[in-house]
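okay, here's the prediction I keep looking at, along with the sequence it came from:
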Amino acid sequence: MVLRGDLGAGKTTLARAIARGAGVSGAIPSPTYNLLFRYPAREGMEVVHIDLFRLEDEEEVWELGWSDLPGEDEIVLIEWPERAERLLPVPRWEIRLWEESRDARQVEVRAIGDPPGIPMPDEVA
């Protein structure tokens with residue numbers, strides 16, 4: 001799942017909400033400086049949160065284990081996907097956020113290819 005939007009649009013906030021919904025507990029820091037964090041989630045799942053903002057060359061993604069993503073039981077959230085646009089996986093979900101006002105965001109969700117369904121809250125144990 002890629003998260004697109006300008007600085008301050010709410011990408012990290014949304015990534016944290018998705019991780020919480022998947023059952024991640026504890027601190028969920030922004031991966032801006034570490035680039036990648038992994039969190040254990042419910043039912044053997046793992047949330048992988050990646051921030052590509054600091055990449056200088058898209059080829060640097062291979063150092064993050066890019067070729068192994070997503071694993072079978074992983075939810076992968078990628079902030080600043082523009083830094084590796086041609087290497088993004090297909091199929092995938094794309095979420096675009098933009099600031100409508102200081103306290104409001106607009107959200108657009110679209111499928112690229114034929115990604116698996118997004119679990120709804122009543123489907124999550």
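Structure received. Numbers count the residues shown, from 1 in each chain.

only C-alpha atoms, please: export stretch 18-34 in CSV.
The C-alpha trace of stretch 18-34 is given here as CSV (Å, rounded to 0.1, in the frame of the first residue of the first chain):
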residue,chain,number,x,y,z
ILE,A,18,-3.5,1.1,9.8
ALA,A,19,-0.9,-0.5,12.0
ARG,A,20,-3.1,-0.1,15.1
GLY,A,21,-6.0,-1.6,13.1
ALA,A,22,-3.8,-4.6,12.3
GLY,A,23,-3.1,-5.1,16.0
VAL,A,24,0.3,-3.4,16.4
SER,A,25,0.7,-2.2,20.0
GLY,A,26,3.4,0.0,21.5
ALA,A,27,5.2,2.9,19.9
ILE,A,28,5.1,3.4,16.2
PRO,A,29,7.7,6.0,15.3
SER,A,30,8.1,7.5,11.9
PRO,A,31,10.6,5.6,9.8
THR,A,32,12.0,8.8,8.2
TYR,A,33,15.5,8.2,9.6
ASN,A,34,15.5,4.4,9.9
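
what comes into contact with that stretch?
Here stretch 18-34 makes contact (C-beta atoms under 8 Å, 6 or more residues apart in numbering) with 1, 12, 15-16, 37, 39-43, 45, 47, 49-51, 53-54, 75, 77, 79, 121, 124. Placement of C-beta: from N, CA and C, glycine included.

what are the phi and psi values at the residue positioned nearest the centre of the chain?
Taking C-alpha atoms, centre = their mean, the centroid of the chain lies closest to Leu77, which sits 1.5 Å from it. The phi/psi pair for Leu77 (degrees, to the nearest 10) reads phi -120, psi 120.

identify the bridge partners of it.
His49 (DSSP bridges).

list the contacts for it?
Met1, Leu3, Ala15, Ile18, Ala19, Val47, Val48, His49, Ile50 are the contacts of Leu77 under C-beta under 8 Å, 6+ apart.

pLDDT wise, what is it at?
Leu77 carries a pLDDT score of 95 in this model.

and the strands in the chain?
Here the chain has its strands, by DSSP state E, at 2-4, 36-40, 46-51, 74-79, 92-101, 104-112.

can I get those in CSV with distance to Trp62?
Formatted as CSV, the strands of the chain follow (distance: least, C-beta to C-beta, whole Å):
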stretch, distance to Trp62
strand 2-4, 18
strand 36-40, 12
strand 46-51, 13
strand 74-79, 14
strand 92-101, 18
strand 104-112, 21
